[in-house]
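Undergrad: build the 3D model from these lines:
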Amino acid sequence: MRTNLIWAVTVMLTALLEAQWPYLLRVQGVVPQLVLILVVYFAIVDGEERAMFTGLLGGIFQEVATDETLGHRVICLVVLGYVAGSLSRRLITENPAVKASAVFVASVAHGILYLCIDYIQRPGFSNVSGQLAALFPQAFYTALVTPLLFLLLAVSPMPQHRRAA
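TA: Model (predicted):
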């Protein structure tokens, strides 16, 4: 019970930090995707189920806090949580470079998936070129922030549930 409460508060605070105070994290107009880092972290540590719940909770809080259409961010994060959790069983994920690379690939995939969903929902209003131009800098910045956030989560009071391979 305590573990789930700490997990939920961590995800909610991270989603609110990213959605409501992006100027605290912004570098050259790019904001890292902190909730996506949490999704990949919990995919590696706890598996796809916890990662999918992290994506669901973080995505809902981000969409409500930013007044976006509900569902776009959630579906992207949940799908990536499942994929990252499934792949983490097959990868050696102890190396920090592998973790950062996984977050980079997940961030690029998240951007492409979000762009596709947004374009399907609103074909006339999408800013595809602007979003594509920010995709790789955001993915790179997110990957740079990954070791710091993984370290903070590793030393947090949340128990680590390493799953059996």
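
Undergrad: count of neighbours near Lys99?
TA: 21 (other CB atoms under 10 Å). For the C-beta atoms, the positions are set from N, CA and C on the backbone; glycine is no exception.

Undergrad: now swap in the one 4 residues further on and tell me
TA: A count of nearby residues for Val103, using other CB under 10 Å, gives 29.

Undergrad: got phi/psi on it?
TA: Dihedral pair for Val103: phi -70, psi -40, per degrees, to the nearest 10.

Undergrad: which residue is nearest the middle of this protein?
TA: In the chain, the centroid-proximal residue (CA atoms, centre = their mean) is Leu36; its distance is 0.5 Å.

Undergrad: how about the helices of this structure, start to end?
TA: 2-20, 34-45, 48-66, 72-88, 96-121, 128-154 (DSSP state H).

Undergrad: and the ones you listed, which is most packed in?
TA: helix 34-45 (a mean of 27; mean count of other CB atoms under 10 Å).

Undergrad: residues contacting that helix, please?
TA: The contact list for helix 34-45 (CB atoms under 8 Å, 6 or more residues apart in numbering) reads 7, 10-11, 14-15, 17-18, 25, 50-51, 54-55, 58-59, 62, 77, 80-81, 84-85, 88, 93, 99, 102-103, 106-107, 110, 142, 145-146, 149-150, 153, 160-163.

Undergrad: mind putting the helices of the chain into a markdown table with mean pLDDT?
TA: Below are the helices of the chain laid out as a markdown table (pLDDT from 0 to 100):
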| stretch | mean pLDDT |
| --- | --- |
| helix 2-20 | 87 |
| helix 34-45 | 93 |
| helix 48-66 | 90 |
| helix 72-88 | 91 |
| helix 96-121 | 89 |
| helix 128-154 | 87 |
